[in-house]
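*Asks:* Based on what follows, work out the 3D shape:
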Amino acid sequence: MRHIPYLRWWIVSLIFFASVLNYVDRQALSILAPTIQKELGLSNEDYASVLNAFLVAYTVALILSGKIVDRFGVRFSLALFVGWWSIANILTGFARSAASLGVCRFLLGLGEAGNWTAAPKAVSEWFPARERGLAIGIYTLGATVGATLAPILIVGLASWHSWQAAFIVTGSAGLVWLIPWLWLYRRPAEHPRLSPSERALIESDAPSVSPTPVPQAAWGAWHRVLLRREVLLLIFARMLTDPVWYFFQFWFAKYLYDSRGLDQKSLSVTWVVYLAADIGVLSGGWLSGLLIKRGTAPVRSRLWIMLACAVLVPLGAVIPHVDALWIVLAFGMIAVLAHLAWLINLSALVVDIVPRGSLAFAFGVIAAGSSLGGLMMNKAVGSLVTNASYDPAFGFMLLLHPLAWLLAWQLRPRATTV
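*Replies:* Residues are numbered from 1 along each chain as shown. Predicted coordinates:
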């Protein structure tokens, strides 16, 4: 059978497209929030509750999906997750109340979480350590490309037909994605189209750039994974910092509508903020990979890039204190770019430290910290917007990443022993 050149990059490209769909489907609600709130009679607290229905399911699914991936493998699991969330997104177009909308978003959350536990498992199978940061950056770029395209695509579909059509069309695209995925993906050891030279590259890990793996036996059962010092530190790091990204996903368009006077069609301008996120995911993985090539241990390389990001994200706190829209968008771009570069390196830390047999579960548990932070953020912002203003939400950006970096820095001794 004929070999496919650079097969690992074709595989990560398919995961990239799954991530695009993941974020287009997720962003559709926040982009159309003013229209949907008006048509369905939703208050800001109702809207926050719908968002939290998604995040509650997302949190649970991050943990459960990791076990599914570790048990059944990447190929079957990711197909299951994409099919599930695509159908849930289609059903959202038929919601007629806060309750039915919440149920649909709950189902969406159950499926979407699995993308982010299956993807790192695929990277661990298909890429050596020196390429993992870039590979993670590529599939995470799908999320930010999806977020970039979503304002234009969703507003366009809603203007062409209706807000319901935006959910049905984008959900259907996920069902089409299943065809090439099921045809192409296999584990490297089982893939008939993998060339011998690429197989040798995948199996290589030069000692100068890769930490010695922690033995699988040292991690043991799922409860031991939960109690690992590394896992606990990374859970809290994501719990502190990911609310910034959730805020820009779920509330920034509403902030521009409520506080800056933009109408529904003008909200498509938010694409520039997500374009900055695209740059962040690529630069974050590339920069840490560059440090590794120059001899810095993988864990340390991630932490140094994360320090630079922790300095930049707090600039987002300036947003409510400037007048011009272009300055608002510029500071939003800086904060989002830095956060996504941070997230890429934090994700790469997980892949560097955790053995493959526990990776998907550990990744899901750590990512659950992200959605727990998002739940608390949505509840707080919904109350603040109703009773005060958006200003305190931006103010928290001064503290979150610096505090989380101090936690992540505690992984530093691990760089010399793992």
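*Asks:* Going along the chain, name the strands of the stretch 101-250 of the chain.
*Replies:* Counting by DSSP state E, counting those that start in this stretch, the stretch 101-250 of the chain has no strands to list.
*Asks:* residue ranges with poor pLDDT in the stretch 301-418 of the chain?
*Replies:* Low-confidence segments of the stretch 301-418 of the chain (pLDDT under 70): 356-358, 412-418.
*Asks:* Start from the N-terminal end of it and give the strands.
*Replies:* In order along the chain, the stretch 301-418 of the chain carries no strands (DSSP E, counting those that start in this stretch).
*Asks:* hmm, which helix or strand of the chain has the shakiest average pLDDT?
*Replies:* Ranked by mean pLDDT, DSSP states H and E, the weakest helix or strand in the chain is helix 216-219, scoring a mean of 50.
*Asks:* just checking, next helix/strand downstream of the host helix or strand of residue 20?
*Replies:* Assigned by DSSP states H and E, residue 20 falls within helix 7-31. As assigned by DSSP H and E, the chain's next helix or strand after helix 7-31 is helix 33-40.
*Asks:* Report all helices and strands that the helix or strand following that following helix contacts.
*Replies:* Per DSSP H and E, the first helix or strand lying C-terminal to helix 33-40 is helix 44-72. In terms of contacts (3 or more C-beta pairs under 8 Å, 6 or more residues apart in numbering; DSSP states H and E), helix 44-72 is packed against helix 7-31, helix 33-40, helix 74-92, helix 98-112, helix 115-126, helix 356-387. (C-beta placed from N, C-alpha, C; glycine too.)
*Asks:* how about helix 44-72: buried residues?
*Replies:* When neighbours are counted by 16 or more other C-beta atoms under 10 Å, the buried residues of helix 44-72 are found to be 44, 46-70.
*Asks:* With stretch 140-158 instead?
*Replies:* By neighbour count on 16+ other C-beta under 10 Å, the buried set for stretch 140-158 is 140-151, 153-155, 157-158.
*Asks:* Next: stretch 178-187.
*Replies:* 178, 181, 184, 185, 186.
*Asks:* now the last one, nearest residue through space, not along the chain?
*Replies:* By the measure of C-beta to C-beta, 6 or more residues apart in numbering, the closest residue to residue 186 outside its immediate chain neighbours is residue 75, 6.6 Å from it.
*Asks:* What's the local residue count around that neighbour?
*Replies:* Neighbourhood size, residue 75 [other C-beta atoms under 10 Å]: 17.
*Asks:* Tell me the spacing between it and residue 140.
*Replies:* 20 Å (C-beta to C-beta, to the nearest Å).
*Asks:* next one: residue 112
*Replies:* Taken as C-beta to C-beta, the span from residue 112 to residue 140 is 14 Å.
*Asks:* Likewise for residue 292?
*Replies:* In this view, residue 292 and residue 140 are 18 Å apart by C-beta to C-beta.
*Asks:* Could you do residue 69 as well?
*Replies:* Relative to residue 140, and taking C-beta to C-beta, residue 69 is found at 17 Å.
*Asks:* And the helices in the stretch 151-300 of the chain?
*Replies:* Listed in chain order, the helices of the stretch 151-300 of the chain (DSSP state H, counting those that start in this stretch) span 163-184, 196-203, 216-219, 222-227, 229-250, 252-259, 271-293, 298-312.
*Asks:* between those helices, which gets the lowest average pLDDT?
*Replies:* Ranked by mean pLDDT, those end with helix 216-219 at the bottom, a mean of 50.
*Asks:* returning to that earlier point: for the residue nearest to residue 186, give me its contacts.
*Replies:* With contact taken as C-beta atoms under 8 Å, 6 or more residues apart in numbering, residue 75 is in contact with 181, 182, 185, 186, 187.
*Asks:* run the last query once more with 10 Å
*Replies:* 118, 122, 181, 182, 184, 185, 186, 187, 190 (C-beta atoms under 10 Å, 6 or more residues apart in numbering).
*Asks:* Including distance to residue 399, could those go into a markdown table?
*Replies:* Below are the contacts of residue 75 laid out as a markdown table (distance: C-beta to C-beta, whole Å):
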| residue | distance to residue 399 |
| --- | --- |
| 118 | 33 |
| 122 | 34 |
| 181 | 41 |
| 182 | 45 |
| 184 | 44 |
| 185 | 41 |
| 186 | 45 |
| 187 | 43 |
| 190 | 47 |
